[in-house]
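Next one to model:
(one chain, ligands or ions: 1)
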Amino acid sequence: MELKEIYQKDLSIGAGLSYPRISFEVFPPKDGNSSKLFEELRVLKKYNPALVSLTYGANGGNRQFSYELLQMILDLELNVMPHFTCVGATKEIIELYIMQIENLGIENILALRGDLSDDISINDFKYASDLVDFIHQKSTLAIGIAGYPECHIECDNLNKDIENLKRKVDMGASAIFTQLFFDNDKFYSYCEKVRKAGIELPIIPGIMPIRSLKQIEKMISMTHVEIPKTLRERLEKYPNEVKKVGVDFAIDQCQQLIDTEVCGLHFFTLNHSDQVSEILDGLNIR
Ligand code: FAD
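The predicted model follows:
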């Protein structure tokens, strides 16, 4: 099922899917062993996700492995959305990749620039908007894009970042998946600004259940994402119960988002089903 259809509220179209739509992000296991990931996905499948998205290494290092994993996720009868990063990629590589995933019957892709680093040189694509444009011209894939409620790290103000988001929308994107955040007010204010900029696409909040304070701090160190003071205090006060604090916080965060009628919840699972299952059970989502 294609992104626009998925995020329509009309349940007769999204037959069998709960609303808001649930989706899970997973990544290719670093040791190349996919069996544990598939055990976790089998557990998560019972929540009837609208999508499972599979991350992609910048510079395309794991393209072949990604391709095999996509096939395996499809074999689990899950609707998979590969991520794809364009820094360092050429038009030829991207054209081949989109042809391959279309041949698998995949309908959606998350188009990203990828993070810059010294060992990556920019080839045909400077920004994700270039990639969205290219995919839109060369395929019938529906295209998801990234959004940043607390502003992308390289941009000095959120309004400018949203102007750049609009470039991706104008090139043919269908839905916006956000970076993780912990402060719903920042998400609401972002959505308001995005709407004011004339963007009507579904905005799907990204939810990250905290597993360890050290890990989350590392993850957000290269972003503008902030951990609210009260959450940090709770995490520091109960160092042996961080996973539980993370679950309880995420349940409250998601419930508030549901109450304000978000169209979806996109969980960064870190390839673990335990916390996400507890959150969805806590929210009574099946
Ligand atoms: P862009 O939209 O190109 O934006 C990058 C920066 O350039 C922003 O600061 C923007 O404001 C600015 N900009 C854009 N267009 C212009 C313009 N025309 N002129 C001037 N400035 C401009 N990374 C991975 O490597 N693999 C993944 O699988 C992956 N998955 C992700 C999933 C989600 C939901 C999110 C939110 C991020 C993900 N990322 C992933 C991280 C992403 O690659 C980085 O955040 C990257 O730095 C920016 O990617 P982008 O697609 O947002 O880039």
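
Next to the ligand, which bits of this protein? Give me the list.
The chain has residues 55-56, 58, 83, 85, 112-115, 127-129, 146, 152, 154-155, 161, 164, 167-168, 177, 179, 206 near the ligand, with proximity defined as Cβ under 6 Å from any ligand atom. C-beta here means a position set from N, CA and C on the backbone, and glycine is covered the same way.

how about 5 Å then?
Residues of the chain lying near the ligand by Cβ under 5 Å from any ligand atom: 55-56, 58, 83, 85, 112-115, 127-128, 146, 152, 154-155, 161, 164, 177, 179.

Now do the contacts for the residue positioned nearest the centre of the chain.
Residue closest to the average C-alpha location in the chain (Cα atoms, centre = their mean): Phe177, at 5.1 Å. Applying Cβ atoms under 8 Å, 6 or more residues apart in numbering, we find Phe177 in contact with 53, 110, 144-147, 204, 206, 266.

mind checking which helix or strand it is in?
strand 175-180 (DSSP states H and E).

who does that strand pair up with?
Partner strands and pairing direction for strand 175-180 (DSSP bridges) are strand 142-147 (parallel), strand 203-207 (parallel).

how about the next helix or strand after that strand: buried residues?
Counting by DSSP H and E, the element after strand 175-180 in chain order, helix or strand, is helix 184-196. By 16 or more other Cβ atoms under 10 Å, the buried positions in helix 184-196 come out as 184, 186-188, 190-191, 193-194.

Any chance of CSV for those, columns pLDDT?
Formatted as CSV, the buried residues of helix 184-196 follow (pLDDT from 0 to 100):
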residue, pLDDT
Asn184, 98
Lys186, 98
Phe187, 98
Tyr188, 98
Tyr190, 98
Cys191, 98
Lys193, 98
Val194, 98
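
give me the number of residues near Leu235?
Per other Cβ atoms under 10 Å, the neighbour tally for Leu235 reads 20.

And what about it, helix, strand or coil?
helix (DSSP: H, G, I helix; E, B strand; the rest coil).

Now it: closest residue in space that isn't a chain neighbour?
Nearest residue to Leu235, sequence neighbours excluded (Cβ to Cβ, 6 or more residues apart in numbering): Leu213, at 4.9 Å.
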